[in-house]
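Peer 1: Sequence and predicted structure, then a few things I'm wondering about:
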Amino acid sequence: MKKNIAIIMGGYSSEYQISLKSGNVVYNTLNKIKYNAYRIHIFKDKWVFVNDMDEEFPVDKNDFSVMVNETRITFDCVFNAIHGSPGEDGFMQGYFELIGMPHTSCNMYQAALTFNKRDLLASLKPYGIKTAESFYLNLGDAIDEDAIVAKVGLPCFVKANKAGSSFGISKVYKKENLKSAIENSFKEDNEIIIEQFLDGVEVSVGVISYNGETKVLPITEIVSENDFFDYAAKYEGKSQEITPARISKDYEEKTRTMAKKIYEVLGMTGFSRSEFIFKNDEPYLLEMNTVPGLTNESILPQQAHEAGISMENLFHNAIEEALKK
């Protein structure tokens with residue numbers, strides 16, 4: 001009997017349009033012989049099922065069911081394609097865990113932890129994971145440019161602490177530009193992280209649960225045409241994403257070992273994509289994404305393809321792994 005799969009997409013953050021693209025790729029890719037796929041749009045003002053005629057049917061939040069033409073549809077599993085809040089920060093995971101609904105992403109705690117860059121980096125340091133020097137600010141804190149520069153140096157990166165897809169990020173070369181960069185980041189989040197600039201090869205590596213085991217995918221080298229891997233570099237073709245990465249066997253082994261260690265230390269399940277920069281021949285962790293982009297051009301699907309895993313098999317495995325939890 002075919003399983004009913006709800007593909008959640010959209011979300012509450014600046015990433016909602018990217019999420020809609022990812023969700024529609026999943027919808028169009030899932031094997032229709034094995035699954036009945038349903039597109040569920042999650043927005044602050046509505047949770048709705050959207051059919052192929054773009055008709056909307058409200059989701060009953062009590063049990064995550066949908067009434068369509070007097071027939072109640074329930075779901076066997078949720079495929080999470082929401083980048084950012086509430087799909088990547090633990091809120092949807094907590095909701096589904098409360099109502100007993102299997103879902104493809106990691107559990108609530110891991111989602112909340114990895115979405116918070118400060119907490120993620122702090123929790124991994126005791127395990128020997130190297131990270132850039134950083135300085136933290138909350139909205140309303142006094143801004144001491146001299147203290148920031150003394151801690152992280154120049155240039156530095158100013159980032160929203162809980163935001164993805166390079167929203168609210170700036171590279172700052174001069175002390176006098178710090179304040180405007182900080183104000184820009186506070187538009188995305190009430191917490192920010194200011195990091196030391198690491199000048200080295202940048203790589204991204206996906207780690208997934210595949211056939212019941214932790215699988216490290218081929219590594220991607222990021223070569224941005226812009227000053228750094230910003231939104232335009234990610235989504236407007238202003239970068240080269242080279243898979244497999246043009247790095248030495250030593251670099252490759254260090255990155256694979258580090259990415260797998262992080263995944264297992266955190267007790268992860270589902271998809272993950274971690275970003276590293278090499279400094280003094282060692283990989284330094286920048287961040288981890290637990291609902292990475294899933295379009296044909298996205299990094300994780302590129303890596304899966306290089307590993308011999310089709311998009312259909314990648315998504316099928318995610319659902320089957322979720323059903324086994």
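Peer 2: Now that the structure is in, tell me what you want to look at. No experiment lies behind these values; they were computed from the predicted model shown.
Peer 1: Could you use CA atoms for every contact and neighbour count after this?
Peer 2: Will do.
Peer 1: middle-most residue in this structure, spatially?
Peer 2: residue 289 (2.8 Å; Cα atoms, centre = their mean).
Peer 1: Now it: closest residue in space that isn't a chain neighbour?
Peer 2: In this structure, residue 289 finds its nearest non-sequential neighbour in residue 273, 5.1 Å apart by Cα to Cα, 6 or more residues apart in numbering.
Peer 1: Would you mark the buried spots in stretch 69-84?
Peer 2: Buried residues in stretch 69-84, counted by 16 or more other Cα atoms under 10 Å: 75-84.
Peer 1: I'd like those written out as JSON lines, with secondary structure, pLDDT and distance to residue 128 added.
Peer 2: Listed next are these as JSON lines, based on DSSP: H, G, I helix; E, B strand; the rest coil; pLDDT from 0 to 100; distance: Cα to Cα, whole Å:
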{"residue": "75", "secondary structure": "coil", "pLDDT": "98", "distance to residue 128": "41"}
{"residue": "76", "secondary structure": "coil", "pLDDT": "98", "distance to residue 128": "40"}
{"residue": "77", "secondary structure": "strand", "pLDDT": "98", "distance to residue 128": "36"}
{"residue": "78", "secondary structure": "strand", "pLDDT": "98", "distance to residue 128": "35"}
{"residue": "79", "secondary structure": "strand", "pLDDT": "98", "distance to residue 128": "33"}
{"residue": "80", "secondary structure": "strand", "pLDDT": "98", "distance to residue 128": "31"}
{"residue": "81", "secondary structure": "coil", "pLDDT": "98", "distance to residue 128": "31"}
{"residue": "82", "secondary structure": "coil", "pLDDT": "97", "distance to residue 128": "31"}
{"residue": "83", "secondary structure": "coil", "pLDDT": "95", "distance to residue 128": "28"}
{"residue": "84", "secondary structure": "coil", "pLDDT": "92", "distance to residue 128": "27"}
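Peer 1: Can you get me a residue count around residue 44?
Peer 2: 11 (other Cα atoms under 10 Å).
Peer 1: And for the one 10 residues further on?
Peer 2: Residues lying near residue 54 (other Cα under 10 Å) number 8.
Peer 1: Look up how far residue 271 lies from residue 321.
Peer 2: For residue 321, the distance to residue 271 equals 11 Å [Cα to Cα, to the nearest Å].
Peer 1: beta partners for residue 10?
Peer 2: Beta-bridge pairing for residue 10 (DSSP bridges): residue 42.
Peer 1: Can you tell me which of the buried residues of stretch 69-84 lies closest to residue 107?
Peer 2: residue 80 (11.7 Å; Cα to Cα).
Peer 1: So residue 197 is in contact with residue 156, correct?
Peer 2: Yes - with contacts counted by Cα atoms under 8 Å, residue 197 reaches residue 156, the gap being 4.8 Å.
Peer 1: Could you break the protein into its assigned domains?
Peer 2: Segmentation of the chain into domains, based on automatic domain parsing, reads 3-104, 112-130+199-324, 134-196.
Peer 1: so where's this protein shaky on pLDDT?
Peer 2: 164-166, 226-238 (pLDDT under 70).
Peer 1: please redo it, this time with the cut-off set to 50
Peer 2: 165, 228-236 (pLDDT under 50).
Peer 1: contact partners of the helix ranked longest in it?
Peer 2: Across the chain, the longest stretch assigned as helix under DSSP state H is helix 249-265. With Cα atoms under 8 Å, 6 or more residues apart in numbering as the contact definition, helix 249-265 has outside contacts at 124, 129, 205-207, 214-216, 219, 269, 272, 274, 276, 281-283.
Peer 1: Which members of the residues you listed are positioned in helices?
Peer 2: residue 124.
Peer 1: follow-up on the earlier one: same list (the buried residues of stretch 69-84) but as a markdown table, adding distance to residue 187.
Peer 2: Converted to a markdown table, these look like this (distance: Cα to Cα, whole Å):
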| residue | distance to residue 187 |
| --- | --- |
| 75 | 36 |
| 76 | 38 |
| 77 | 35 |
| 78 | 31 |
| 79 | 29 |
| 80 | 26 |
| 81 | 24 |
| 82 | 20 |
| 83 | 18 |
| 84 | 15 |
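Peer 1: returning to what we had before: what touches both of residue 321 and residue 271?
Peer 2: With Cα under 8 Å, 6+ apart as the test, residue 321 and residue 271 both reach residue 209.
Peer 1: follow-up on the earlier one: please identify which of residue 197 and residue 156 sits among more neighbours.
Peer 2: residue 156 (23 against 20).
Peer 1: Nothing else from me, thank you.
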